[in-house]
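Student: I would like the atomic coordinates for the input below:
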Amino acid sequence: MDKAAELTGSIQGRYSNIEQYFNLKEENNALRKKITELQNLQPVNFQSADTTFNLLVRTVGPDSIRTERKYIYRDATVISNSTSQQNNYLTLHRGSKQGIQPGMVVVGPEGIVGTVVDVSANFSTIMSVLHRQSRISASLRKTGETGRIEWDGSDPEIVQLKDISKSTKPKKGDTVETSLFSDFPAGIPVGIIERVSPDKSSAFYSIQVRLFTKFSKVHHVFVVENLQREEQAELEKRVKITR
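Tutor: Residues are numbered from 1 along each chain as shown. The predicted model follows:
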């Protein structure tokens with residue numbers, strides 16, 4: 001093979017590799033878009049209308065079950081992430097221009113990730129679950145017993161489930177998920193119980209939970225907006241004022 005042909009072949013090979021890279025990137029973007037669309041269609045993102053009203057509708061007209069969207073999922077890319085500090089954060093390449101606001105929650109393919117605490121036009125800062133001030137309402141999938149998830153600052157794969165009564169019988173291997181009282185949609189996976197031991201100084205257990213989310217490997221996430229959050233907060237605020 002002469003030098004010209006060899007050079008041409010080398011250039012064509014490199015061009016082919018570059019083309020494959022961009023084709024793969026486009027395929028990944030299309031896949032992420034499709035996953036986001038499917039995620040937004042999950043039944044947990046909708047709430048049924050008042051059942052009494054529905055019953056009345058059925059007695060006077062055609063069957064009609066109305067639902068109202070509660071959650072919207074937006075995909076985002078993680079561009080910065082820490083796991084070795086006492087208070088860890090992530091940075092996402094999505095901000096206010098893309099509809100992200102403080103107070104929204106973040107989930108990954110495996111489970112919970114954190115909460116939005118600050119935003120700029122195109123970026124947002126997330127308080128990780130691996131943060132000493134993080135508090136997430138969670139429950140046992142089998143029994144529904146509700147407690148809260150905290151992190152003690154040691155192992156980035158282990159969190160603590162607090163306030164689970166000794167009247168319950170949690171076991172190693174039981175699944176923990178977000179509760180109905182969480183800012184997260186209910187039923188988002190948290191992890192698997194690793195160890196259960198009675199707290200001698202209280203009526204609760206000391207429970208260690210191994211997280212489903214591997215924070216050292218988080219690259220793509222979903223930011224979840226609760227469309228009814230402001231309405232609920234305003235109502236609860238009015239109740240507190242009138243007490």
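
Student: if I pick the spatially most central residue of the chain, what's in contact with it?
Tutor: For the chain, the residue lying nearest the average C-alpha position, counting by C-alpha atoms, centre = their mean, turns out to be residue 107 (1.9 Å). Under the criterion of C-beta atoms under 8 Å, 6 or more residues apart in numbering, the contact list for residue 107 reads 113, 184, 188, 221-222, 224. (Glycine included, C-beta is placed from N, CA and C.)

Student: Can you add neighbour count and give those back as CSV?
Tutor: Formatted as CSV, the contacts of residue 107 follow (neighbours: other C-beta atoms under 10 Å):
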residue, neighbour count
113, 28
184, 24
188, 22
221, 23
222, 21
224, 22
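
Student: So what pairs up with the residue nearest to the centre of the chain in the strands?
Tutor: Beta-bridge pairing of residue 107, defined through DSSP bridges, involves residue 112, residue 222.

Student: and what of residue 226?
Tutor: For residue 226, the residues forming beta bridges with it (DSSP bridges) are residue 71.

Student: related to what we said a few turns ago, between the contacts of residue 107, which sits nearest residue 213?
Tutor: Distances from the contacts of residue 107 to residue 213 were compared by C-beta to C-beta; the smallest belongs to residue 113, at 6.0 Å.

Student: Spit out the contact partners of the closest one.
Tutor: Residues in contact with residue 113 (C-beta under 8 Å, 6+ apart) are 90, 106-107, 126, 128-129, 213, 215, 218, 221.

Student: residues in contact with the residue nearest to it when sequence neighbours are not counted?
Tutor: Setting aside the residues directly before and after it, residue 113 is nearest to residue 106 in space (C-beta to C-beta, 6 or more residues apart in numbering), at 4.3 Å. Each residue near residue 106 by C-beta under 8 Å, 6+ apart is listed here: 76, 90, 92, 112-116, 126, 221-224.

Student: ok so, going back, how about the contacts of residue 113 in TSV, adding distance to residue 155 and pLDDT?
Tutor: Shown next, in TSV, are the contacts of residue 113 (distance: C-beta to C-beta, whole Å; pLDDT from 0 to 100):
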residue	distance to residue 155	pLDDT
90	18	98
106	21	97
107	21	95
126	20	98
128	14	98
129	12	98
213	13	96
215	11	96
218	16	94
221	21	94
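
Student: will you turn these into TSV that also has distance to residue 192?
Tutor: What follows is those, written out as TSV (distance: C-beta to C-beta, whole Å):
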residue	distance to residue 192
90	23
106	21
107	17
126	23
128	19
129	15
213	12
215	16
218	18
221	21
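
Student: Which of these fall within strands?
Tutor: Of the contacts of residue 113, the ones assigned to strands by DSSP state E are 90, 106-107, 126, 128-129, 221.

Student: Could you chop the protein up by domain?
Tutor: Annotated domains of the chain cover 3-41, 71-130+217-242, 136-215 [automatic domain parsing].

Student: what about the second one, distance to the chain center?
Tutor: Looking back up the chat, that one is domain 71-130+217-242. Mean C-alpha position of domain 71-130+217-242 versus that of the full chain (C-alpha atoms, centre = their mean, to the nearest Å) differs by 8 Å.

Student: Mind listing residues that contact stretch 229-243?
Tutor: With contact meaning C-beta under 8 Å, 6+ apart, stretch 229-243 is reached by 103, 183.

Student: For residue 235, the count of nearby residues, please.
Tutor: When counting by other C-beta atoms under 10 Å, one arrives at 9 neighbours for residue 235.

Student: tell me the SS of it?
Tutor: Three-state assignment for residue 235 (DSSP: H, G, I helix; E, B strand; the rest coil): helix.

Student: just the one 5 residues further on next, same as before
Tutor: For residue 240, the secondary-structure state derived from three-state DSSP is helix.

Student: so what does the strand or helix carrying residue 159 touch, helix or strand wise?
Tutor: Secondary-structure assignment from DSSP states H and E places residue 159 in strand 158-162. Where contact means 3 or more C-beta pairs under 8 Å, 6 or more residues apart in numbering; DSSP states H and E, strand 158-162 is packed against strand 146-150, strand 189-198, strand 205-211.
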